[in-house]
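Colleague: structure for this input, please:
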Amino acid sequence: MRETETHMFKGATLFALSFVLIAPQSRNFLVGVFAGTIETLDKWAPISYLLALALVAAPVVSVIMVKSWPARVEPENPMAKYNREAKFED
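Modeller: Predicted coordinates for the structure are as follows:
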């Protein structure tokens, strides 16, 4: 995706979100969902916090793994020493 397409997508998304957050019904729904999520986290306290920690830690661990992964080394061509072309120096 080109940079201009990315900016257009971000702009359209922010424009749509502004209308969603302006409407009182959708705002009340989102606040209710957020409150219900907090209640559920408190109700299932030890397990839910561990699950939330795993969901947050997984992408961080993935990024660390990808950045620290060793670079792939291309194997040497075993037929290179049998090259048919003669090497002449000018």
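Colleague: residues contacting the longest helix anywhere in the chain, please?
Modeller: Identified as the longest helix of the chain according to DSSP state H is helix 45-68. With Cβ atoms under 8 Å, 6 or more residues apart in numbering as the test, helix 45-68 has contacts from 40, 41. Using the backbone N, CA and C atoms, a C-beta is placed for each residue, glycine as well.
Colleague: could you report the pLDDT at the spatially most central residue of the chain?
Modeller: Taking Cα atoms, centre = their mean, the centroid of the chain lies closest to residue 59, which sits 6.9 Å from it. Residue 59 carries a pLDDT score of 95 in this model.
Colleague: quick check: it vs residue 65, distance?
Modeller: Here the criterion is Cβ to Cβ, to the nearest Å. By it, residue 59 lies 11 Å from residue 65.
Colleague: got it, and residue 51?
Modeller: If you go by Cβ to Cβ, the gap between residue 51 and residue 65 works out to 21 Å.
Colleague: neighbour-wise, which of the two wins?
Modeller: Neighbour totals were compared for residue 51 and residue 65, and residue 51 leads with 12 against 9 (other Cβ atoms under 10 Å).
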